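Asker: Here is my input; please provide its structure:
(chains A and B)
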Amino acid sequence: DTGVSQDPRHKITKRGQNVTFRCDPISEHNRLYWYRQTLGQGPEFLTYFQNEAQLEKSRLLSDRFSAERPKGSFSTLEIQRTEQGDSAMYLCASSIGLAGELHIQYFGAGTRLSVL
Amino acid sequence: AQKVTQAQTEISVVEKEDVTLDCVYETRDTTYYLFWYKQPPSGELVFLIRRNSFDEQNEISGRYSWNFQKSTSSFNFTITASQVVDSAVYFCALNTGGTSYGKLTFGQGTILTVHP
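Answerer: A predicted model of the protein is given here:
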């Protein structure tokens, strides 16, 4: 099995531009998560999908952020009208809903966003 | 609300020393799961260990061991005979399960540097 894949690895954009990140989870993992990590901090939960359903969203996910998982496989995270405060590492994770492996989230390498 | 505190910001040791990373958590839930993740310079969070709230048995896995004490809400992690490759940021995380299997709450991380 390949791990969680995120694309791009790095993104530099100008303030006000829209950006989109993609996450491909481990195959057959039905749960997918997005986190944001700023320098020197632990990851902070943004949102979570079970199959194609978005089940939980953090208050951190302002209306400029939208996440989708249209076919229950890959997911996209879009940030509209980026602000400098959006500069961070965006991490994706996936997990499988089997009892033995429940709750273990496997992470990708992240997309580092820099907003100039 | 859930909270995870890692009081040690940075730890520096010499190779072959044992090192213990501290983690204290807060939750009102009776069912929860505790994790340790490692984040090397590449950025990908690597799952290390998981412990559920029902089982306070402490275990050893290779050079890793952990000490889970519900009475003090602590979940400490020890690396025996540290190696240079252990240098990374280590995160303790909490998942309270229940109807929400999504959200991991992370501590701020402990930077471990192992010198040759």
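
Asker: tell me the contacts of A:Asp7?
Answerer: Contacts for A:Asp7 (C-beta atoms under 8 Å, 6 or more residues apart in numbering or on different chains) come out as A:21-22, A:24, A:111. Just so you know, the C-beta spots here come from the backbone N, C-alpha and C atoms, and that holds for glycine as well.

Asker: Strands of the chain, residue ranges please.
Answerer: Picked chain A for this. A:5-7, A:10-13, A:19-24, A:31-37, A:44-50, A:53-57, A:65-68, A:75-79, A:88-95, A:106-107, A:111-115 (DSSP state E).

Asker: Hmm, no, I was thinking of chain B.
Answerer: Under DSSP E, chain B gives strands at B:3-5, B:10-14, B:19-21, B:24-26, B:33-39, B:46-52, B:60-61, B:64-69, B:74-79, B:88-95, B:105-106, B:110-115.

Asker: Need the residue closest to the centroid of chain A.
Answerer: By C-alpha atoms, centre = their mean, chain A has its centre lying nearest to A:Trp34, at 3.0 Å.

Asker: Now that one. Nearest residue, chain neighbours left out?
Answerer: A:Leu46 (4.3 Å; C-beta to C-beta, 6 or more residues apart in numbering or on different chains).

Asker: and the helix or strand bottoming out on mean pLDDT in chain A, what does it pack onto?
Answerer: Lowest by mean pLDDT, DSSP states H and E among the helices and strands of chain A is strand A:53-57, with a mean of 89. On a contact count with 3 or more C-beta pairs under 8 Å, 6 or more residues apart in numbering or on different chains; DSSP states H and E, strand A:53-57 meets strand A:44-50.

Asker: in its sheet, what does the helix or strand of chain B with the lowest mean pLDDT sit against?
Answerer: Least confident helix or strand of chain B, by mean pLDDT, DSSP H and E, is strand B:60-61 with a mean of 76. Taking DSSP bridges as the criterion, strand B:60-61 sits next to strand B:64-69 (antiparallel) in its sheet.

Asker: Now do A:Glu52 against chain B, distance only.
Answerer: Distance, A:Glu52 to chain B, by C-beta to the nearest C-beta, to the nearest Å: 15 Å.
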